[in-house]
Structures are given as C-alpha cells and as structure tokens.
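K.L.:
Sequence and predicted model, in that order:
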Amino acid sequence: MEIERKFILKELPGDLDMYDYYHIEQGYISTEPVIRIRHKEDSVTGDRYILTVKSGGLMVHEEYEIDMEKDSYTRLIAKTEGNIISKTRYLIPLDDGLTMELDVFDGAFAGLVLAEIEFPDEKTARDYIPPEFVAEDVTEDGRFHNSRMSEMTDREILDLTIMTHQGE
C-alpha cells in the first residue's frame, strides 16, 4: 500500500545539492491500470530498472515493483506511448521523520516542480500540515500524477507548467 500526498511549492528549498538525489526516466505501458517502467540512475547505488504496477486511487493505492534488466527496459521504453517523464528527485528530510521527494522535471516538463510525501497510514496523511514553502495540495488533482502527465498534449503541459508558477 502506498499513501502519498502531492504538492506545488511556493519556492524551492535552498541549496538542493546538499540533499541526496537521483535521476529518473520513466514511461507508461498502460495508464489504466498503471503499468510503468522506470530507470533510476543513482550515483551511490547505481542504475536500477523497475517495472511497477499500481492500482487506481490518487492518495491511496497498491503498488508493486519488480526489478528488471537493462535490456528489457530498453525494449519496453521503445514501446511506450506518450511522453517520457524525466526528472531529478531530491530527498528532503522533514522535521517529523517524513521525507519530501522533490521532483524537478526536465525534458517536455522542464520548469515543473512537484513534491510528494509518503505516509505510514491514511490518518497521518490526512492530518499532515505541510511546511510553509508548500503552496497547494494537488493530491486529488489527477493532472499532477505522472501517468496522466504521460498522456498530455504540448498545450496541456504548458498550461500545467504555467499554473504551477502562478504567484511566484
């Protein structure tokens, strides 16, 4: 079970390079159900290739991951449709023992920044009060889920990116 909330930020935390981070490239074989393939490039732990299956649900859903070989990933990424999602993920520890995963997108989504926080249970997730630098909770807005983003047109991508920068 994965329980997470998604946020748009007012501003980036200072000096992102002080946090652990890794690069992600992912594509979608299917968005209903969600079947995703991901290449996680980490300078500490090395490359990891992952096949993920997710159930429906925005804040709460089942998620299953299976490691795969690079050759399998390469063959499957060529078969995906839509946008390839590319981002750098920073792991930012929060005061309450949680970790914010801050995604700075590049490629088609360059300029988009989203944050996710995973929670141990639904009550903790629902009761959570985000830090001051969070502008808006977009957990229930399907446009901010990577599977939906993989299906967006260029215009929808532009609209999403502009929307996240309002008020800066």
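P.N.:
Noted; the coordinates are in hand. Numbers count the residues shown, from 1 in each chain.
K.L.:
helix, strand or coil for residue 152?
P.N.:
Local secondary structure at residue 152 is given as coil here, using DSSP: H, G, I helix; E, B strand; the rest coil.
K.L.:
Kindly report the same for residue 47.
P.N.:
Reducing the assignment at residue 47 to three states with three-state DSSP gives strand.
K.L.:
for residue 14, same thing?
P.N.:
coil.
K.L.:
count of residues packed around it?
P.N.:
For residue 14, the count of nearby residues is 7 (other Cβ atoms under 10 Å). Placement of C-beta: from N, CA and C, glycine included.
K.L.:
where's it relative to residue 95, distance?
P.N.:
Residue 14 sits at a distance of 16 Å from residue 95 (criterion: Cβ to Cβ, to the nearest Å).
K.L.:
The closest residue to residue 112 other than its chain neighbours pairs with what?
P.N.:
Distances taken as Cβ to Cβ, 6 or more residues apart in numbering put residue 105 closest to residue 112, at 4.2 Å, once the chain neighbours are dropped. Here residue 105 sits in beta bridges with residue 87, as judged by DSSP bridges.
K.L.:
Distance check, residue 105 against residue 150.
P.N.:
For residue 105 relative to residue 150 (Cβ to Cβ), the value is 12 Å.
K.L.:
which residues are in contact with both of those two?
P.N.:
Residues touching both residue 105 and residue 150 comprise residue 85, with contact defined as Cβ atoms under 8 Å, 6 or more residues apart in numbering.
K.L.:
and the residue nearest to residue 112, what does it touch?
P.N.:
When contacts are counted by Cβ under 8 Å, 6+ apart, residue 105 is found next to 85-87, 111-114.
K.L.:
looking at this structure, which residue ends up farthest from its center?
P.N.:
What lies farthest from the middle of the chain is residue 71; by Cα atoms, centre = their mean that is 23.8 Å.
K.L.:
ok so that residue is a strand residue?
P.N.:
No. When classified by three-state DSSP, residue 71 is found to be helix rather than part of a strand.
K.L.:
Next, work out how far apart the residue nearest to residue 106 when sequence neighbours are not counted and residue 27 are.
P.N.:
The spatially closest residue to residue 106, leaving aside those adjacent along the chain, is residue 86, at 5.1 Å (Cβ to Cβ, 6+ apart). With distances defined as Cβ to Cβ, the gap from residue 86 to residue 27 amounts to 10 Å.
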